[in-house]
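Asker: Quick one, what's the 3D model for this:
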Amino acid sequence: MSDKVSRLDRLRSVREWLAWQLRRTDDTIAELERQEATTARAARTLSPPTPGWKLALRRAGGRPTPDAVHTSDCGMAGKNTKPLPREQALRALTEDGITACPYCRPDNDLGVL
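Answerer: You can find the predicted model right below:
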């Protein structure tokens, strides 16, 4: 009897090991996808949606006064801002005469020409 294992038997062993590794990898991927879905679902329920616009305020006479309307991701607004829902942003631009930021152009997003 020969102690040598045939090439075919070795390849079958390698194939079984690779199939086992593939199952483990698939199980790990499925678990990570479940964790990400749970995390994303929790994040959506915990954090309210941010408004799309903000009002930059400046100090005039010791009181904050409206300066310009910006989109929520505009970096030109500075630190002193107030979040605005769509209706208030529209009102600020059209009725209150507050200017729109020339960089982020919230008036385009709001449909104000």
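
Asker: Please make it C-alpha for all contacts and neighbour counts, starting now.
Answerer: Noted.

Asker: Kindly provide the whole-number mean pLDDT of the longest helix seen in the chain.
Answerer: Looking across the chain with DSSP state H, the single longest helix is helix 7-46. Averaged over helix 7-46, pLDDT sits at 93.

Asker: any idea which element A56 lies in?
Answerer: Secondary-structure assignment from DSSP states H and E places A56 in strand 53-60.

Asker: for that strand, packing partners?
Answerer: Under the contact criterion of 3 or more Cα pairs under 8 Å, 6 or more residues apart in numbering; DSSP states H and E, strand 53-60 touches strand 63-71, strand 81-84, helix 86-94.

Asker: count of neighbours near W53?
Answerer: Per other Cα atoms under 10 Å, the neighbour tally for W53 reads 24.

Asker: Is it in contact with L90, as I believe?
Answerer: No: checked against Cα atoms under 8 Å, the pair W53 and L90 is beyond contact range at 9.7 Å.

Asker: Give me the contact list for stretch 85-101.
Answerer: 51-55, 66-70, 106-107, 110, 112 (Cα atoms under 8 Å, 6 or more residues apart in numbering).

Asker: what's the angle between the strand holding A56 and strand 63-71?
Answerer: 150 degrees (axes from the mean of the first three to the mean of the last three Cα atoms, to 10 degrees).

Asker: List the neighbouring strands of strand 53-60 plus their orientation.
Answerer: strand 63-71 (antiparallel), strand 81-84 (antiparallel) (DSSP bridges).
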